[in-house]
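Colleague: return atomic coordinates for the entry below.
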Amino acid sequence: MLVVLREDHKSHIQLLQPLSTKVVADFCQAALNFLQNGAPVEMNNQDVTLQPEQVKNCIYALINLLLICCKHQVSDQEFNESVITLGFSKEQQEVLSKFYKSKKEEIKELLHQHLPELHYEDLRWRFEAQVASRCLLEQATPLIAMELTLKNESTDNQLESVREKVMLQTDPNNLMHIADELERALNEAKSSHSRRIRRILKS
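Modeller: Have a look, this model is predicted:
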């Protein structure tokens, strides 16, 4: 199988071509670090003359190539041919092929890892107020009590769905702060950077 990349991924990964084989190897390691533990997508190598955004795009494109090849179980020979088709030099092709050959089983393992993710199912809440205490006979402290239900819908017929209930209590000011942070996270999820990462992982 000859791997064919989208035009934008192809143009991004071809940014590696003017670089030395050592720098290409460093990019490969940066891509693997991102897959392993979500390390920042950056390069501190002084030999890299690319702009930060180009570095990110290049690493994302390299990740995409590795994931596609591992997902479709591309052989070493097919990987070599695919890299040559992209226009890399013989020396660069050897670096990329050696990296793929040595790390493809590890990347496949990462692809098949499935950690159960709990998702929102239900939320119950009630308003409470502490109106007095031994020290303060006259006070009105508003509180919001919440019962959050999370659920993992298993796609494996041999596994049961998991539900977890979480009890929370907070004051209105803190609740407003949480709401603001969640709103900021939702906006970040809609950003072009987040969409690019999702496209890489789904390819």
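Colleague: every contact and neighbour count from this point should use C-alpha atoms.
Modeller: OK.
Colleague: for the helix or strand where Cys70 lies, list the C-alpha coordinates in PDB.
Modeller: Taking DSSP states H and E as the definition, one finds Cys70 inside helix 52-71. Taking only C-alpha atoms (Å, rounded to 0.1, in the frame of the first residue of the first chain), the coordinates of helix 52-71 have been written out as PDB:
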ATOM      1  CA  PRO A  52       7.200  27.900  15.400                       C
ATOM      2  CA  GLU A  53       4.000  27.400  13.400                       C
ATOM      3  CA  GLN A  54       5.900  25.500  10.700                       C
ATOM      4  CA  VAL A  55       7.500  23.300  13.300                       C
ATOM      5  CA  LYS A  56       4.100  22.400  14.700                       C
ATOM      6  CA  ASN A  57       2.600  21.700  11.300                       C
ATOM      7  CA  CYS A  58       5.600  19.600  10.400                       C
ATOM      8  CA  ILE A  59       5.400  17.500  13.500                       C
ATOM      9  CA  TYR A  60       1.600  17.100  13.100                       C
ATOM     10  CA  ALA A  61       2.100  15.900   9.500                       C
ATOM     11  CA  LEU A  62       4.800  13.400  10.600                       C
ATOM     12  CA  ILE A  63       2.500  12.100  13.400                       C
ATOM     13  CA  ASN A  64      -0.300  11.700  10.700                       C
ATOM     14  CA  LEU A  65       2.100   9.800   8.500                       C
ATOM     15  CA  LEU A  66       3.100   7.400  11.300                       C
ATOM     16  CA  LEU A  67      -0.500   6.900  12.500                       C
ATOM     17  CA  ILE A  68      -1.800   6.100   9.000                       C
ATOM     18  CA  CYS A  69       1.000   3.600   8.300                       C
ATOM     19  CA  CYS A  70       0.600   1.900  11.600                       C
ATOM     20  CA  LYS A  71      -3.200   1.900  11.300                       C
END
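Colleague: from the chain's centroid, how far away is it?
Modeller: Here helix 52-71 is found 12 Å from its chain centre; the criterion is Cα atoms, centre = their mean, to the nearest Å.
Colleague: buried set for the following helix or strand past that helix?
Modeller: Stepping forward along the backbone from helix 52-71, the first helix or strand reached (DSSP H and E) is helix 76-85. By neighbour count, and taking 16 or more other Cα atoms under 10 Å as the criterion, the buried residues in helix 76-85 are Glu78, Phe79, Asn80, Glu81, Ser82, Val83.
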